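*Asks:* Predicted structure and sequence below. I'll ask about it afterward.
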Amino acid sequence: MKIQKKQKTKRFYKKSIWPSIILFLVFLSSCVGMVLTFMFTFQGYLIDTKIADIHEDARNLGRMVDQHTKEQNETIFEAAAFIQVYLEEDRDICITDENDQVLKYYGKTVPDFGRAENVQLMDPYQLIPDLNLAGGERQILLSFPQLLGRSIEALKKSSYEDNRWMEEPLFHTYCWVEVPMQMQGYRMYYRASLTIVQKNIFFMNVAILVQMLFLGVPTILLFVNVLSSIAMQKRMVNLLYQDPVTGGNNWCHFLEQSRKILRRFGNANHTYAVVNLHMLRFQDFCACNGSKEGDELLKKIDGYLKVNMDRGETFARFSKADFGLLLRCRSVEQCEKRLKKLLVELTGVKRDQMISFSAGIYLLHPAANRKERRRRQIDLDQVYHFASAARSSMRGREGEYIKLFDQQILQEQLWRRKVEERMEAALAAGEFRLYLQPKFHPVTEKIVGAEALVRWISPEDGMIPPNRFIPIFEENGFITRLDDYMISEVAKLQSEWKIHGQKQVPVSVNVSRVNFVKEDLAEHICRLVDGYGAAHAGIELELTESAFFGNKELLQKILKELKMCGFSISMDDFGAGYSSLNSLKDLPIDVLKLDMDFFRGDGSKERGEIVVKETIRLAKSLHMKIVAEGIEKKEQVEFLAEQGCDMIQGYYFAKPLPVSEFNERAERDG
């Protein structure tokens with residue numbers, strides 16, 4: 001699920017609004033192009049139609065000249081005079097020789113053909129502008145804005161009830177047109193008028209407006225869609241990058257921004273520190289002040305960090321009271337100094353209460369070669385967890401608040417991952433073996449009991465000591481599976497002793513505190529033991545001292561049920577921590593196991609012996625048995641025997657033994 005979420009997030013990062021914008025611009029350009037194409041096509045068609053009409057008039061006039069000269073047997077000059085007088089419209093007519101020298105003209109305008117550049121060839125006839133007209137009438141074609149402006153002005157001056165405005169000229173010009181005729185040696189031209197009336201442009205404007213409306217609606221809709229997409233993406237980015245508790249940047253923003261910072265070419269030579277900043281005992285703060293007050297505190301921390309970030313640095317909340325920081329550092333010492341100042345100042349964020357912080361650091365050194373200058377291969381999630389591992393390694397160490405990640409921590413992390421990857425398969429393959437450490441009577445020095453211990457014998461790593469895997473199992477919860485396995489193995493062993501007629505002694509087996517949150521624990525243990533037909537009285541269940549600091553009422557209930565089922569209960573490592581005497585008063589404990597730390601340490605032997613002596617006396621008064629563990633010296637055995645200790649275990653007598661060796665020694669002791 002986490003991988004899928006990261007992939008979806010990356011796809012969202014790559015998604016851009018630019019394709020929609022480009023699509024809108026392309027569509028808008030297409031619409032403008034269509035309107036302009038229609039406008040110029042219509043205008044060209046209109047002018048071509050007018051010119052075609054002029055040419056048609058020229059052809060008709062030429063036929064009239066030819067017919068008149070043949071039928072009336074007149075000269076071209078007489079025919080031209082007749083046409084100029086008797087046509088419905090008076091026309092200026094000009095007759096020239098083949099070199100365009102004017103021979104005769106009829107009308108008011110005299111053409112000047114002396115300037116050859118003013119003659120425009122209109123295939124198949126010539127269309128010659130009139131140079132004697134005013135400058136404004138020389139232009140044959142007007143631009144669309146000019147035509148539209150004149151049309152609108154004509155509309156304003158005309159009445160809508162009077163349709164004659166449609167026929168009013170909007171634009172006209174004059175030109176000399178050659179008349180085609182069969183008479184050799186002469187050329188005839190007539191002065192034609194090219195006129196564009198209001199209705200020509202009106203229909204064109206109407207068509208363009210309809211086209212613009214037709215194309216404008218989807219254009220506006222597409223534009224609105226682009227704007228809404230931009231706004232939606234902005235809101236989605238804010239939601240994606242905003243932390244719901246602090247209102248600041250969240251972890252997605254931190255990862256994205258950190259990648260951008262680290263990949264900048266100019267930052268390749270800078271050292272950066274990825275920091276895991278953790279507020280200590282945040283859960284206790286929330287329990288005392290409420291979750292709402294806890295959220296307010298996180299907001300204040302977020303605000304403080306925001307003010308103290310330099311350019312090219314970033315931060316975000318990771319989870320609960322953990323923040324990730326990317327800081328630029330000149331050296332390890334400068335980074336630690338800055339963090340120390342930061343931790344001190346953060347303690348004053350909540351003025352009425354003292355809060356404390358710790359930090360783990362992972363350094364990103366400058367790139368070693370040009371290939372790595374862009375730092376594209378850095379896994380920021382993994383780097384942050386390395387910094388978190390460095391901080392976690394300080395757990396239980398007083399006075400330490402800043403820890404730099406090193407190779408030892410890395411090896412521990414790799415070992416932890418290896419253990420967690422192999423633990424299920426190891427349990428199924430029987431790699432966890434039952435070892436027994438004998439318990440001896442201090443006087444007879446014979447075996448009177450045993451403690452079940454687990455050893456992990458791996459085909460790859462050999463025998464793995466318990467301190468290398470038990471703490472990991474306690475953190476990840478696998479310890480409950482291992483407890484069930486050990487209880488089953490002890491029950492199986494007790495059953496085998498009974499079947500084979502071997503010496504049977506009580507065997508104690510540890511039950512982790514994690515199990516004591518199960519209300520049906522007693523019933524569960526009974527099922528495990530009864531599955532092998534073992535006697536409950538032969539199994540002693542050991543509890544560590546830490547189990548007594550949980551739900552005391554539930555613990556009392558479970559222990560009473562176990563006692564009713566016939567199991568013995570022992571308290572392991574009594575005296576190793578800060579044992580509560582109330583536990584001895586309230587809980588049905590049968591056996592106390594004394595830790596030999598009482599005898600260790602300079603100048604503490606006499607005080608330790610006094611404590612051991614009084615503890616044994618107290619246990620006897622409460623009808624409890626005493627087991628002293630970790631005994632390594634003869635004088636310790638003699639002292640405990642004098643005090644009436646019931647059992648002793650330790651390297652003085654025997655180390656933990658495989659089951660086969662324990663059976664052999666038990667048989668020798670009789």
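*Replies:* Done, it's in. Bear in mind the structure is a predicted one, so any value in this text is a computation, not a measurement.

*Asks:* before we move on, what SS does residue 519 have?
*Replies:* Here residue 519 is recorded as coil under DSSP: H, G, I helix; E, B strand; the rest coil.

*Asks:* dump the residue contacts of the nearest residue to residue 613 once chain neighbours are set aside.
*Replies:* Distance criterion Cβ to Cβ, 6 or more residues apart in numbering; nearest residue to residue 613, sequence neighbours excluded, is residue 643 at 5.4 Å. The C-beta positions use only the backbone N, C-alpha and C, and glycine is treated the same way. Residues in contact with residue 643, defined by Cβ atoms under 8 Å, 6 or more residues apart in numbering, are 612, 613, 616, 617.

*Asks:* in the stretch 551-670 of the chain, what spans have low per-residue confidence?
*Replies:* For the stretch 551-670 of the chain, applying pLDDT under 70 flags the ranges 551, 575-580, 582, 598-605, 670.

*Asks:* for this structure, what's the longest helix?
*Replies:* The longest helix of the chain (DSSP state H) is helix 18-72.

*Asks:* what's that helix packed up against?
*Replies:* Using 3 or more Cβ pairs under 8 Å, 6 or more residues apart in numbering; DSSP states H and E as the contact test, the elements touching helix 18-72 are helix 76-86, strand 125-129, helix 144-157, strand 169-179, strand 187-197, helix 198-241.

*Asks:* mean pLDDT for the ones you listed: which is lowest?
*Replies:* Least confident of the helices and strands packed on helix 18-72, judged by mean pLDDT, is strand 125-129 with a mean of 39.

*Asks:* And the spatially most central residue of the chain, which helix or strand is it part of?
*Replies:* In the chain, the centroid-proximal residue (Cα atoms, centre = their mean) is residue 252; its distance is 3.8 Å. Using DSSP states H and E, the element containing residue 252 is helix 251-263.

*Asks:* How about residues contacting that helix?
*Replies:* With Cβ under 8 Å, 6+ apart as the test, helix 251-263 has contacts from 9, 13, 240-243, 249, 267, 272, 274, 312-319, 324, 326, 364, 374-376, 378, 380-381.

*Asks:* how far away is the most far-flung residue of the chain relative to its centre from residue 97?
*Replies:* The outermost residue of the chain relative to its centre, with distances by Cα atoms, centre = their mean, is residue 73 at 100.5 Å. Per Cβ to Cβ, to the nearest Å, residue 73 is found 22 Å from residue 97.

*Asks:* hang on, the earlier thing: which single one of the contacts of residue 643 is nearest to residue 413?
*Replies:* Distance to residue 413, by Cβ to Cβ, is smallest for residue 612 among those, at 40.4 Å.

*Asks:* In CSV, please show the C-alpha coordinates belonging to the host helix or strand of that closest one.
*Replies:* Using DSSP H and E, residue 612 sits within helix 605-621. What follows is helix 605-621, C-alpha atoms only, in CSV (Å, rounded to 0.1, in the frame of the first residue of the first chain):
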residue,chain,number,x,y,z
LYS,A,605,29.0,-6.0,49.5
GLU,A,606,28.0,-5.6,53.2
ARG,A,607,24.9,-3.5,52.3
GLY,A,608,24.0,-6.0,49.6
GLU,A,609,24.2,-8.9,52.0
ILE,A,610,22.0,-7.1,54.4
VAL,A,611,19.4,-6.5,51.7
VAL,A,612,19.5,-10.1,50.5
LYS,A,613,19.2,-11.4,54.1
GLU,A,614,16.2,-9.3,54.8
THR,A,615,14.6,-10.1,51.4
ILE,A,616,14.9,-13.8,52.1
ARG,A,617,13.4,-13.3,55.5
LEU,A,618,10.5,-11.3,54.1
ALA,A,619,9.9,-14.0,51.4
LYS,A,620,9.9,-16.8,54.0
SER,A,621,7.3,-14.8,56.0
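
*Asks:* tell me what it is packed against?
*Replies:* Applying 3+ Cβ pairs under 8 Å, 6+ apart, one finds that helix 605-621 makes contact with strand 591-595, strand 625-629, helix 634-643.
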